[in-house]
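**Q** predicted structure and sequence below. I'll ask about it afterward.
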Amino acid sequence: MAESIVVKSPKKHVNLFYSLDCEELANKVASHSQNNITLQNIKWRSFADGFPNIFINNAEELRGQHVAFLASFSSPAQVFEQLSVIYALPRLFVSSFTLVLPFFPTGSFERMEEEGDVATAFTLARMLSNIPISRGGPTSLVIYDIHALQERFYFGDEVLPLFETGIPLLKERLQQLPDADNVVIAFPDDGAWKRFHKQFDNYSVVVCTKVREGDKRIVRLKEGHVSGHHVVIVDDLVQSGGTLIECQKVLAANGAAKVSAYVTHGVFPNQSWLRFTHKDEASEKAFAYFWITDSCPVTVKALANKAPFEVLSLAGSIANALQI
Amino acid sequence: MAATPPLPPFPATSTKSLKLSHSPLLLSSKNRSNFITSCEIRRSFENHRNWTIEHFSNMNNRDSIHSNNSNSFSSSLVSATASQLPMKNSKKVVLFYSAETKSLAYNIASESDAIELRSISWGKFPDGFPNIFIPNAQGIRGQHVAFLASFSSPAVIFEQIPVIYALPKLFVASFTLVLPFFPTGTSERMEDEGDIATAFTLARLLSNIPISRGGPTSLVTFDIHALQERFYFGDNILPCFESGIPLLKRRLQDLPDSDNISIAFPDDGAWKRFHKQLQHFPTVVCAKVREGDKRIVRIKEGEPKGRHIVIVDDLVQSGGTLIECQKVLAAHGASKISAYVTHGIFPNKSWERFGHDNGESAFTYFWITDSCPLTVKEVMHRPPFEVLSLASSISASLQI
């Protein structure tokens, strides 16, 4: 009788660096890991001319260690200073390097419709693909719910993208709801359906779609039953929130008992999350819950858990990803 | 601007010698010293394979127009002798530019008819990330293309990099990146293993510009701070290291006391960088010496007494070094003191320390180039500042 023995490798000890915005998330990741993750410090300063003056503490102690960096590119200004660290860490004789970038920005507005369109997502992917390799080989790049599935092909061979998702966090949360058996998942468009429907095999599903009527584009129900259910709209990210608001109206008009929303990335430029907070009776009825993860730390700080927002943390998921 | 007509292919059976029949048709142009030559080959008679070459050249300061008899005549082709007609084939270059460098771009374009300006639509998405569009991208296929960049802060780097990465892949004939000032170079000291070399990061970003049909990207930069930084660049980029010193030398020649000028270097680094270009001037070299806790500037060599001293360095930040030097030079009897830096970085408006309205005229002249456009806007009309433009130097480098 053949026996297959799978030897589980012992847990990796990982030194986790992080950008300033990600301090809270980094602390959570470390506390999830039962001492396998050590937080490390970087001195982030600026020269008078605005350019970064960065110092990695204890650089020599990183030799032979697994190292990771938790990044957040919430605006173009931050990319350069974090990139300097990302390019430097792999070359400190570390045994492996992992970049955790929960939210990969620029991906959502890209439409290469004309030859002159400049694809900034591709530029960002190029910059990340040029991370020098370390003794552990190509850099592992952990990204949650990347916007366009094709974007996975933007990355060169020197990085190993690991595409994770926040959906398991949502499913866990849904199971805790009192009306868990009355939950129906709604997708605001076909794109969201393509991205996520496979993870919701056990749920009834509703699909919306945008239809052109004259000059306007309005949201319609394409398929699924809404009436009497707690409908949870699922998408990868939210910007202005317009799409979600339109969907909620249509779902309510079609008899949904409750409407909630989940997005992995609460981008919410210009404080657009204010459109959703419970200020009056009308807004309280609109969205019962609005779940986001902590992939966009700037938003998370601003929201501070104001109803209907609830933040589901990626910390546990990231701690596991660092073991890969 | 009139487009240069494309060169028709040269017939394989052409005769060996080409001669000009008449003097070329001269078009008057602006006072610039470069030429454009375009050739049109026309068949004169159907039965003969006779080709007449008509040359059109722009030459400076010529008002006369010589006509070219286009009806052909002899069956012989005429050749141009060097003395009869100097010819220079100029590359036609399409020049894009960042928002900050618009003024400099216009100055460059006015230096040469071979340079055509094109604009880019720079927008932002609500989340702050760039939304960029290159109009008429197909129109640049087969053309030499350049981009005039300015990395005055980390935020603007990310706006310009997507364009820099995209342009070479639009089937252009070649791509040149003009980055007059290469930032981050100055405050780098890899003293400890944990120091992060941001200059190296920037060089890496630029070294990863995709190659175009013209091969590696050419990178034009002026007075890079550390000479070793030239080795930071990989093989897919061809750095072209230029200097602003020729502009200074020309300006000094125009001064009334041009024969009383000595050049001062604030430290050995500046001396290493520039002394070869300024050999014809007497020099003074300063040095920072430690006295207890302080570092003070001393004169290491040279004699300032009675001279108009021009302190030369590649860049200025707070201005502290220049001010210390000025004091020491004045104390040693310099009759006038001026300064030249290629890059007027002046973070946090530190140029205010040099204004004439401070009551002191410590500096007679303060020359900077237009490599740092944000500073130029502020100091343009404020004595003692004078801006020496890199436009003609850049225009020439685009022809490489």
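**A** Looks like it came in fine.
**Q** any stretches of the stretch 1-150 of chain B with poor pLDDT?
**A** B:1-89 (pLDDT under 70).
**Q** what residues does it put near chain A?
**A** Residues of the stretch 1-150 of chain B lying near chain A by Cβ under 8 Å from any Cβ of the partner chain: B:125-138. Any C-beta I mention is one placed from the backbone N, CA and C, and that applies to glycine too.
**Q** helices and strands of chain A: which one bottoms out on pLDDT?
**A** Lowest by mean pLDDT, DSSP states H and E among the helices and strands of chain A is helix A:281-286, with a mean of 77.
**Q** may I see the buried residues of it?
**A** Of all the residues in helix A:281-286, those buried under the rule 16 or more other Cβ atoms under 10 Å in any protein chain shown are A:Ala286.
**Q** circling back to that earlier point, now the residues of the stretch 1-150 of chain B next to chain A: which count as buried?
**A** B:Phe125, B:Asp127, B:Gly128, B:Phe129, B:Pro130, B:Asn131, B:Ile132, B:Phe133, B:Ile134, B:Ala137.
**Q** so B:Ile400 touches B:Leu238, yeah?
**A** No. B:Ile400 is beyond contact range of B:Leu238, at 9.2 Å (criterion: Cβ atoms under 8 Å).
**Q** so for those two, which sits in the more crowded spot?
**A** Comparing B:Ile400 with B:Leu238 by other Cβ atoms under 10 Å in any protein chain shown, the one with more neighbours is B:Leu238, at 14 against 10.
**Q** so that one makes contact with B:Leu219?
**A** Yes. Shown here, B:Leu238 and B:Leu219 form a contact pair, counting by Cβ under 8 Å, at 6.7 Å.
**Q** for chain B, see how far away the residue nearest to A:Ser31 when sequence neighbours are not counted is.
**A** Once flanking residues are discounted, A:Ser31 sits nearest to A:Ala315: 7.6 Å by Cβ to Cβ, 6 or more residues apart in numbering or on different chains. Relative to chain B, A:Ala315 is positioned 24 Å away (Cβ to the nearest Cβ, to the nearest Å).
**Q** so who does A:Ala315 touch?
**A** A:Leu25, A:Lys28, A:Val29, A:Ser31, A:His32, A:Asp294 (Cβ atoms under 8 Å, 6 or more residues apart in numbering or on different chains).
**Q** from these, which shows the smallest pLDDT?
**A** The weakest per-residue confidence within those falls on A:His32 (89).
**Q** verify the stated contact: that one with A:Ser317.
**A** No. Counting by Cβ under 8 Å, A:His32 does not reach A:Ser317; the two are 9.0 Å apart.
**Q** which of those two has more residues huddled nearby?
**A** Taking neighbours as other Cβ under 10 Å, A:His32 and A:Ser317 compare with A:Ser317 leading, 21 against 17.
**Q** which stretches in the stretch 201-324 of chain A count as strands?
**A** A:204-213, A:216-223, A:230-238, A:258-266, A:290-293, A:309-312 (DSSP state E, counting those that start in this stretch).
**Q** ranking those strands by mean pLDDT, which is last?
**A** Among those, strand A:216-223 scores lowest, with a mean of 86.
**Q** neighbouring contacts of that one?
**A** Counting by Cβ under 8 Å, 6+ apart, A:188, A:205-211, A:243, A:246-247, A:249-251, A:254 sit against strand A:216-223.
**Q** now it against strand A:204-213, angle please.
**A** Put simply, strand A:216-223 runs at 150 degrees to strand A:204-213, going by axes from the mean of the first three to the mean of the last three Cα atoms, to 10 degrees.
**Q** paired strands for strand A:216-223, with orientation please.
**A** Counting by DSSP bridges, the strands paired with strand A:216-223 are strand A:204-213 (antiparallel).
**Q** could you export the partner strand as PDB, CA atoms only?
**A** Provided in PDB are the C-alpha atoms of strand A:204-213 (Å, rounded to 0.1, in the frame of the first residue of the first chain):
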ATOM      1  CA  SER A 204     -29.600  32.800  -4.500                       C
ATOM      2  CA  VAL A 205     -28.300  35.400  -6.800                       C
ATOM      3  CA  VAL A 206     -29.700  38.600  -8.300                       C
ATOM      4  CA  VAL A 207     -28.000  40.400 -11.200                       C
ATOM      5  CA  CYS A 208     -28.500  44.000 -12.100                       C
ATOM      6  CA  THR A 209     -27.600  45.700 -15.200                       C
ATOM      7  CA  LYS A 210     -27.300  49.200 -16.600                       C
ATOM      8  CA  VAL A 211     -29.600  49.900 -19.400                       C
ATOM      9  CA  ARG A 212     -29.600  52.900 -21.700                       C
ATOM     10  CA  GLU A 213     -32.800  54.900 -21.900                       C
END
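**Q** the inter-axis angle of that strand versus strand A:230-238?
**A** 60 degrees.
**Q** columns secondary structure on top of the buried ones among the residues of the stretch 1-150 of chain B next to chain A, output as a markdown table?
**A** Shown next, in a markdown table, are these (DSSP: H, G, I helix; E, B strand; the rest coil):
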| residue | secondary structure |
| --- | --- |
| B:Phe125 | coil |
| B:Asp127 | coil |
| B:Gly128 | coil |
| B:Phe129 | coil |
| B:Pro130 | strand |
| B:Asn131 | strand |
| B:Ile132 | strand |
| B:Phe133 | strand |
| B:Ile134 | coil |
| B:Ala137 | helix |
